[in-house]
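S.K.: A structural model of the following input is requested.
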Amino acid sequence: MATLLRIDSAALPAGGSASREVTQAFQENWLAQHPEGTVVYRDLAAEPLPHLDAVGIGAAFADPSTHDDAQRAAMALRNELAAELEAADVVLIGAPMYNLSIPSTLKAWLDQVIIMGRTAGENSSVAGKKVVVVASRGGAYGSGTPREGLDFAAPFLQGVLGALMQLDVHVIIPELTLAKVNPAMSELIPLAEASREQALAEAADKAKELAVLVAA
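M.R.: Predicted coordinates:
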């Protein structure tokens, strides 16, 4: 059975989050192709992970036989997250832009799951695994926009997931998500709706494509 690891990090719940809407659409289309498949779900807003601290960092570089209770507990969490990632056939990450970057909850997951010599580095245990990132944002940050060059969310994730962990990353970007609630952006509502529809369609197509790929 194919396994989808879905990670949501939006602070807002379903119904108020653009990234959650798109990750849900991806999951539904995935399960339509794989009704017998498994979805492992982590809602990092509802159940945030602890930030990586000195104990967790030190435990990763120390001989396990020398670990004290705190190091064993820290490493148990890191190993659990790494194994979860390694077992997935496809990974889906909802990553809304907060203050030009990713939510701190998602950064905490990344810091915990990135283990040099295992999930990251030259011989990454997750190299080549397909990852779909839904990088939603309230405004527009593409070429020619006033905020061009200020997107530190999607490029960061492409670097960490792609270059460091050697995952195969595909990014879906629903943008202008604040147009309906910000009067100053009201004239952008048609563009926002078009971006939303495009993101939902792209999520559906990508889910079907990857479902077929992993089933082959």
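S.K.: in the top helix by length along the chain, which residues are buried?
M.R.: In the chain, with assignment by DSSP state H, the single longest helix is helix 189-215. Residues 192, 195-196, 199-200, 202-204, 206-207, 210-211, 214 are the ones in helix 189-215 that count as buried (16 or more other CB atoms under 10 Å). In short, each C-beta sits where N, CA and C put it, glycine included.
S.K.: go on, stretch 127-144?
M.R.: Neighbour-count burial for stretch 127-144 [16+ other CB under 10 Å]: 129-141.
S.K.: and the pLDDT at G37?
M.R.: With respect to pLDDT, G37 has a value of 87.
S.K.: that one: neighbour count?
M.R.: 18 (other CB atoms under 10 Å).
S.K.: wait, doesn't it sit right on N29?
M.R.: No. Using CB atoms under 8 Å, G37 is not in contact with N29, being 11.7 Å away.
S.K.: overlap in contacts, the two.
M.R.: A211 (CB atoms under 8 Å, 6 or more residues apart in numbering).
S.K.: all strands of this structure, in order?
M.R.: Using DSSP state E, the strands of the chain run over 3-8, 38-43, 90-94, 130-134, 168-172.
S.K.: re earlier: in JSON lines, list the buried residues of helix 189-215 along with distance to R20 and pLDDT.
M.R.: Shown next, in JSON lines, are the buried residues of helix 189-215 (distance: CB to CB, whole Å; pLDDT from 0 to 100):
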{"residue": "A192", "distance to R20": "16", "pLDDT": "97"}
{"residue": "S195", "distance to R20": "16", "pLDDT": "98"}
{"residue": "R196", "distance to R20": "13", "pLDDT": "97"}
{"residue": "A199", "distance to R20": "12", "pLDDT": "98"}
{"residue": "L200", "distance to R20": "12", "pLDDT": "98"}
{"residue": "E202", "distance to R20": "16", "pLDDT": "98"}
{"residue": "A203", "distance to R20": "12", "pLDDT": "98"}
{"residue": "A204", "distance to R20": "15", "pLDDT": "98"}
{"residue": "K206", "distance to R20": "17", "pLDDT": "98"}
{"residue": "A207", "distance to R20": "15", "pLDDT": "97"}
{"residue": "L210", "distance to R20": "19", "pLDDT": "95"}
{"residue": "A211", "distance to R20": "20", "pLDDT": "91"}
{"residue": "V214", "distance to R20": "23", "pLDDT": "88"}
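S.K.: if we take those residues, which one ends up nearest to F156?
M.R.: A199 (19.4 Å; CB to CB).
S.K.: contacting residues for A95?
M.R.: S9, S19, I102, P103, L106, V133, V134, A135, S136, A153, A154, L157.
S.K.: at 7 Å what do you get?
M.R.: S9, S19, I102, L106, V133, V134, A135, A153, L157 (CB atoms under 7 Å, 6 or more residues apart in numbering).
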